[in-house]
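*Asks:* pasting the sequence and the predicted coordinates here, then a few questions.
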Amino acid sequence: MTITAAGQPGPRFVPPALVGVAALLVVLLIMELLIQLNFISRFIVPPPSEIVASFGRVIVEEHVFSRFLLTLSECLTAGVMLTVFGIAGGVLMHRFKLLQQACETWVAAMAAAPLVLAYPLFMVIFGRNAWTIIMMGFFAALPPVILKTIEGMANTRKVLVNVGRSFNLTSTQQFWKIMFPAALPTIFVGVRLGLIFALINIVGVEFLINYGGLGQLINDLAERYDLAGTYAAICFVILVSVLFFMTLEKAERWLRPID
Amino acid sequence: MATTDRLTRSVAAEPLVSPVTLLRIAIILAVLAIWEFLAHSGWLYRDVVPSLFAIGKALYDLLSHGDYYFNLGVTAAEIGTALLIGGLSGLAVGILLGANRFLSKAFEAYLYYLGPTPKIIFFPVMIMWFGVGPGSKIALGTLSCFFPVALSVAAGMRQIDKVLIRVGKSFRASTWQMIVKIYMPAMRHPIINGVRLGLGVALIGTLLAETKLSNKGIGFLIINAYSTFDMPRMYAMLIVLFVLAIGANALVGRLGGLENIKRT
């Protein structure tokens, strides 16, 4: 028996990732057996083989690609809006300290408030259309962008600011040449968090109001009692979300190569 | 004498209300004034922006009726149960992953990437598994809460001072004693932080599920107000809900002493 770095016994030559995948496959296999042997009702949990088989049907018949594009466009619209307004808000609050002192706790409180629950209100204001979904994603994702922008600007290294001063830069030049580039990696952390919140809220609201892209697909299939299709659609949304997070993570690493 | 004079002058120079408070009051008053103006302007559909008086009256009506507290109790019970089940299972999984690097490498990536996916999409599955009653709402809250607690505890486990672990081992502490005497006290902050995050997402998960399909709870009341277009009541409920959510979040943080942690 070998001892791993954490002092726990572990197999020597089995890569952990392989064990993870193998465990997942074993669980699926056990589920398949339990359902096929009627220990679990197939009217509650469809067999994994049926879910896998329904992937193709869901993708072709339910126009998954166009739905994906719709959700993506909503997410990107919300993303552009929260990048513009979030960064502008953060810069404004950093520039006017009094405003920051007065409002930063409010923004933090807004981050803790379950804003997505106001979706019926947004439906009344914007109607049952894509703008409700986009605005919901935008408002729910705005606080982290504002807070991280303030943090990034405040944590700009003193030596960089002094270099700018020694070159007699104007306040605009100081902002564009020194402060903003130095704060950009931290700002991107906020934008990344914001985009994740936006995606979660957009898919969630699509599901709840039965309108739009991927969220609506799950609701539609569930209401038709297409169980295998519902599970397949959920797997697809999870896959899209995971790929979305991975892409954002890669972009963040590209911006912060030192970390 | 001169010192006393300076002291008196400096105390007298202190403004009665700080500029920050003044600005806050000014912002609040400006927002309320704009709101009231919009309510009476006729630019928006009637009742989309109700007058402050109507919202205040709805707030009073809401808080003075026992029916609201019954529904609040239902939602609180669902969230509490979800937090308990999701928190305890998250704690157990987090300890397991944090203590064993092999298991962490094998399974933590799944938790890490599944954590931020929108949990509400699992609601149709939860209805099939647990029915249309409170069970499906609790299940969704549990699922939402599990991930942040597990990830926070696993990360916390890895940050425990190795000296503390060696002390426990040198005293030949059993696994249970190690968990209760070493790991748990050393991980107080990550656990509380995880519970705070878990509470937030459990609250959202449970309430969203209630708005989708239920006949009791705060989520049901909100969607009911939407269906009957009782906008003042909806605003009143959202105000109370946000205050309660922010208050609960702050309370959990304060209980765990999170405000004492220096920002790095």
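*Replies:* On my side now, so go ahead.
*Asks:* by contact count, what packs against the host helix or strand of B:Arg254?
*Replies:* Using DSSP states H and E, B:Arg254 maps to helix B:231-255. For helix B:231-255, the elements it packs on are helix A:97-112, helix A:119-126, helix B:52-63, helix B:188-212, helix B:218-227, judged by 3 or more Cβ pairs under 8 Å, 6 or more residues apart in numbering or on different chains; DSSP states H and E. Where C-beta positions appear, they are placed from N, C-alpha and C, glycine not excepted.
*Asks:* which residues touch the residue in the stretch 151-264 of chain B that chain A sits nearest to?
*Replies:* The nearest approach of the stretch 151-264 of chain B to chain A comes at B:Tyr226, 3.6 Å away (Cβ to the nearest Cβ). Contacts for B:Tyr226 (Cβ atoms under 8 Å, 6 or more residues apart in numbering or on different chains) come out as A:120-121, A:123-124, B:234.
*Asks:* among the residues you listed, which one sits closest to A:Ala53?
*Replies:* Comparing the contacts of B:Tyr226 against A:Ala53 with Cβ to Cβ places A:Met123 closest, at 36.6 Å.
*Asks:* so which of the helices and strands packed on helix B:231-255 gets nearest B:Trp43?
*Replies:* Closest to B:Trp43 of the helices and strands packed on helix B:231-255, according to Cβ to Cβ: helix A:119-126, at 12.4 Å.
*Asks:* just give the nearest non-adjacent residue to the closest residue to chain B within the stretch 151-259 of chain A, would you?
*Replies:* Closest contact between the stretch 151-259 of chain A and chain B, by Cβ to the nearest Cβ, is at A:Ala222 (3.4 Å). Among residues not flanking A:Ala222 along the chain, B:Pro124 sits closest, at 3.4 Å (Cβ to Cβ, 6 or more residues apart in numbering or on different chains).
*Asks:* show me how chain A divides into domains.
*Replies:* A:14-45, A:59-255 (automatic domain parsing).
*Asks:* tally of neighbours for the residue in the stretch 51-200 of chain A positioned nearest to chain B?
*Replies:* Nearest residue of the stretch 51-200 of chain A to chain B (Cβ to the nearest Cβ) works out as A:Pro120 at 3.6 Å. Neighbour count for A:Pro120, taken as other Cβ atoms under 10 Å in any protein chain shown: 23.
*Asks:* picking that back up, in a helix, that's where the residue of the stretch 151-259 of chain A closest to chain B is, yeah?
*Replies:* Yes: looking at A:Ala222 with DSSP: H, G, I helix; E, B strand; the rest coil, it is inside a helix.
*Asks:* ok so, going back, mind listing what's buried in the helix or strand containing the residue nearest to A:Ala222?
*Replies:* In the assignment (DSSP H and E), B:Pro124 maps to helix B:123-130. With burial defined by 16 or more other Cβ atoms under 10 Å in any protein chain shown, the residues of helix B:123-130 counted as buried are B:123-128.
*Asks:* got TSV for the contacts of B:Tyr226, with pLDDT and distance to B:Ile182 too?
*Replies:* As requested, those are exported to TSV (pLDDT from 0 to 100; distance: Cβ to Cβ, whole Å):
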residue	pLDDT	distance to B:Ile182
A:Pro120	87	48
A:Leu121	86	48
A:Met123	88	51
A:Val124	85	54
B:Met234	90	49
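*Asks:* out of those residues, which is most surrounded?
*Replies:* B:Met234 (25 neighbours).
*Asks:* for B:Asn215, what is the enclosing helix or strand?
*Replies:* Residue-wise, B:Asn215 maps onto no helix or strand under DSSP H and E.
*Asks:* hang on, I meant A:Phe43
*Replies:* Per DSSP H and E, there is no helix or strand for A:Phe43.
*Asks:* quick check: it vs A:Leu227, distance?
*Replies:* Per Cβ to Cβ, to the nearest Å, A:Phe43 is found 7 Å from A:Leu227.
*Asks:* who has more neighbours, these two?
*Replies:* Shown here are A:Phe43 and A:Leu227; by other Cβ under 10 Å, A:Leu227 has more neighbours (21 against 9).
*Asks:* list the contacts of that one.
*Replies:* By Cβ under 8 Å, 6+ apart, the neighbours of A:Leu227 are A:43-46, B:128.
*Asks:* low-scoring stretches of the chain, by residue?
*Replies:* Reading this off chain A. Scanning chain A with the threshold set as pLDDT under 70 gives A:1-13, A:256-259.
*Asks:* wrong one, chain B
*Replies:* The model of chain B has pLDDT under 70 over residues B:1-14, B:256-264.
*Asks:* okay, now the domains of it?
*Replies:* Taken from automatic domain parsing, chain B resolves into B:2-43, B:62-256.
*Asks:* pick the most buried one from the ones you listed.
*Replies:* Of all these, domain B:62-256 has the most neighbours on average by mean count of other Cβ atoms under 10 Å in any protein chain shown, namely a mean of 20.
*Asks:* give me the number of neighbouring residues for A:Leu82.
*Replies:* Neighbour number of A:Leu82 under other Cβ under 10 Å is 27.
*Asks:* and the helix or strand containing it, what's buried?
*Replies:* With secondary structure defined by DSSP H and E, A:Leu82 is part of helix A:64-95. By 16+ other Cβ under 10 Å, the buried positions in helix A:64-95 come out as A:64, A:67-68, A:70-72, A:74-75, A:77-79, A:81-83, A:86-87, A:89-91, A:93-94.
*Asks:* would you mind naming what in the stretch 1-150 of chain A lies close to chain B?
*Replies:* Counting by Cβ under 8 Å from any Cβ of the partner chain, the stretch 1-150 of chain A comes close to chain B at A:4-6, A:8, A:10-11, A:16-17, A:19-20, A:23-24, A:44-45, A:98-99, A:101-103, A:109, A:112-114, A:116-121, A:123-125.
*Asks:* can you flag the buried ones in these?
*Replies:* By 16+ other Cβ under 10 Å, those give A:4, A:6, A:10, A:16, A:19-20, A:45, A:99, A:101-103, A:109, A:112-114, A:116-121, A:123-125 as buried.
*Asks:* pretty sure B:Ile121 sits against A:Val203.
*Replies:* Yes: with contacts counted by Cβ atoms under 8 Å, B:Ile121 reaches A:Val203, the gap being 6.5 Å.
*Asks:* mutual contacts of these two, please.
*Replies:* Listed as contacting both B:Ile121 and A:Val203 by Cβ under 8 Å, 6+ apart are A:215, A:237.
*Asks:* list the contacts for A:Met153?
*Replies:* Listed by Cβ under 8 Å, 6+ apart, the contact set of A:Met153 reads A:90-91, A:94, A:179, A:183.
*Asks:* my bad, B:Leu255
*Replies:* B:Ile192.
*Asks:* number of nearby residues for B:Tyr45?
*Replies:* 11.
*Asks:* surely A:Ala183 touches A:Val161?
*Replies:* No: using Cβ under 8 Å, A:Ala183 is not in contact with A:Val161; the gap is 11.5 Å.
*Asks:* have a look at these two and say which one is more surrounded.
*Replies:* A:Ala183 (25 against 15).
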